[in-house]
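Novice: Give me a 3D structure for the following:
(chains A and B)
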Amino acid sequence: MFDKKCLRLGLITMCIAMAASMLPGLYVYFRYGIIPTGEQMGQILSMLAASFLVGWIVQPLTFYPAMGVGASCMSWTSGNVAGLRMPCISAGQKSAGVEPGTPEGNVVSTMSAAMSTFVVVIILTLATLLGASVLGVLPASVTNAFAYISPSVFGAIIVNYAMSNLKQNLPLIIAGIAVYIILQPLGVSSVWATLIVLISGMFVSRGVYTVQSGKKKDKTVMPAGDAKASN
Amino acid sequence: MKTTAIRKEAEKLNISKETQKEAMRASAITAIGPGLALCIMLVTLMASLGAPTAWMRLNDVGSGRSELAIASMVSDMVTAEKGTAEWDLQNFSYAIWAQGIDVVGWIVGAIIAVVFGEKLTKTMNAKMDQKWVKVLMSGCLISLFTYLLTNSVYGKSIGYAVAAILGGVSMYVLNKVFGKNKRLRELSLGISILVGTVGAALIG
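Specialist: So this is what the prediction gives:
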């Protein structure tokens, strides 16, 4: 029910966002009479499709299992999904002690995506109002350090997941790194590399799950076996 | 999504108000670091597209880098004489149309994902072992973060690896030593980001 509500509202807001993204172009047309010709529009479309088409389709599908309907709708409208929304969603889910992909996880991911959107809109609005004057005053050592935020975020998150269930998650992490390193020399694009790492993770998850549930079954059968042996 | 609808659903799922607040606080704190990093991109975009467009583009889908790339790609199509006001206006118009179309592309992709994903999740939950579905979902998330981590470190300068290691070590220490302290648990990712970033800037 909640997912359906999210889907309905999400579709409406995403359609509004699509229309709104065209408004600046229309404004320039009505105000100054400048707009790309039909041929130029075709060129723009083909250029964008060549560069981003695979990403447009594959990336939202790749991130969906972790986010659910509500957070997906919000995150793909407000952007910065990999470097910002995902860490925020992960932090929210961790703090609430819920699993991704569960109904609880989806509710918390929706809340977390909404909260991160508010925070970032405020930060960017302040930065826009204060302008380059304030940011320009910051020494290069500070602005250069901003590049280290992403690896810090992901390093912390991976350790957090590893600690939460080492037996289940460590094989996934090792496999993911190995697949990435194998794919790099082959020149696979980032979009396909993400998908391949994700799919390999699904197989590793299945393997680990099968081994672990097999062990659990053995343990539950053991007392009966022991009893027979003692008889 | 109406806040009340989310809250109602959360209550239905026995997620207490306190837990909801904790989750949102953790998310807000975590957003600060990456949000500040976006400010650098904002300044770069402001220089080429002006403040309002830069603000809009960084608040909608599409990374700052791709917005810049799109702006430079369309500049080859401008027919006006370079250096004139006409050139600026044409370039700006083409850039915002291209960025608008890019937004549409991402959103159409997202619509396909949510419609298809919602049906797939429902089928999986109805037909498959619930425990396995949980493991699978969590596996997808971890694989995704493993990719993002490796991608942000592999083949880059030592500073990036130092940031990842310090972020990880900091998270480990916070979880081990202060794991039972709720407030610190909320702040743990924010603190780890700070330790990783500052440490890498000093060492790397």
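
Novice: what helices or strands is the helix or strand where residue A:12 lies leaning on?
Specialist: In the assignment (DSSP states H and E), residue A:12 maps to helix A:2-20. With contacts defined as 3 or more Cβ pairs under 8 Å, 6 or more residues apart in numbering or on different chains; DSSP states H and E, helix A:2-20 has these neighbours: helix A:38-78, helix A:103-137, helix B:3-12, helix B:85-127. Every residue, glycine included, has its C-beta placed from N, CA and C.

Novice: Report the next helix or strand after that helix in sequence order.
Specialist: Immediately after helix A:2-20, counting by DSSP H and E, sits helix A:23-32.

Novice: hang on, isn't residue B:58 packed against residue B:42?
Specialist: Yes - the pair residue B:58 / residue B:42 is scored as a contact, 5.5 Å apart, by Cβ atoms under 8 Å.

Novice: Looking at the two, which has the bigger crowd around it?
Specialist: A side-by-side neighbour count of residue B:58 and residue B:42, using other Cβ atoms under 10 Å in any protein chain shown, places residue B:58 first with 27 against 24.

Novice: ok, that one to residue A:180 distance?
Specialist: 28 Å (Cβ to Cβ, to the nearest Å).

Novice: quick one, what contacts the closest residue to residue B:179 other than its chain neighbours?
Specialist: Nearest residue to residue B:179 in three dimensions, chain neighbours excluded: residue B:185, at 6.9 Å (Cβ to Cβ, 6 or more residues apart in numbering or on different chains). When the contact criterion is Cβ atoms under 8 Å, 6 or more residues apart in numbering or on different chains, the partners of residue B:185 are A:94, A:95, B:26, B:174, B:178, B:179.

Novice: what helix or strand is residue B:185 on?
Specialist: Per DSSP H and E: helix B:182-203 holds residue B:185.

Novice: Would you mark the buried spots in that helix?
Specialist: For helix B:182-203, the neighbour count (16 or more other Cβ atoms under 10 Å in any protein chain shown) marks B:185-197, B:199-201 as buried.

Novice: Using PDB, list the CA coordinates for that helix.
Specialist: Output in PDB follows, covering the C-alpha atoms of helix B:182-203 (Å, rounded to 0.1, in the frame of the first residue of the first chain):
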ATOM      1  CA  LYS B 182      22.900   6.000  20.500                       C
ATOM      2  CA  ARG B 183      23.900   9.600  19.900                       C
ATOM      3  CA  LEU B 184      27.400   8.600  18.800                       C
ATOM      4  CA  ARG B 185      25.900   5.800  16.600                       C
ATOM      5  CA  GLU B 186      24.000   8.500  14.800                       C
ATOM      6  CA  LEU B 187      27.100  10.600  14.400                       C
ATOM      7  CA  SER B 188      29.400   7.800  13.600                       C
ATOM      8  CA  LEU B 189      29.400   8.200   9.800                       C
ATOM      9  CA  GLY B 190      29.700  12.000  10.000                       C
ATOM     10  CA  ILE B 191      32.700  11.700  12.400                       C
ATOM     11  CA  SER B 192      34.300   9.000  10.200                       C
ATOM     12  CA  ILE B 193      33.900  11.300   7.100                       C
ATOM     13  CA  LEU B 194      35.600  14.100   9.000                       C
ATOM     14  CA  VAL B 195      38.500  11.900  10.300                       C
ATOM     15  CA  GLY B 196      39.000  10.400   6.800                       C
ATOM     16  CA  THR B 197      39.000  13.700   5.000                       C
ATOM     17  CA  VAL B 198      41.100  15.700   7.500                       C
ATOM     18  CA  GLY B 199      43.500  12.800   7.900                       C
ATOM     19  CA  ALA B 200      44.000  12.300   4.200                       C
ATOM     20  CA  ALA B 201      44.500  16.100   3.700                       C
ATOM     21  CA  LEU B 202      47.200  16.000   6.300                       C
ATOM     22  CA  ILE B 203      48.900  12.800   5.300                       C
END
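
Novice: Which helix or which strand is home to residue 151?
Specialist: If you meant another chain, say so; for now it's chain A. For residue A:151, the host element (DSSP H and E) is helix A:149-164.

Novice: meant chain B actually
Specialist: Using DSSP H and E, the element containing residue B:151 is helix B:130-153.

Novice: Residue A:181 now?
Specialist: Residue A:181 belongs to helix A:166-183 when assigned by DSSP H and E.
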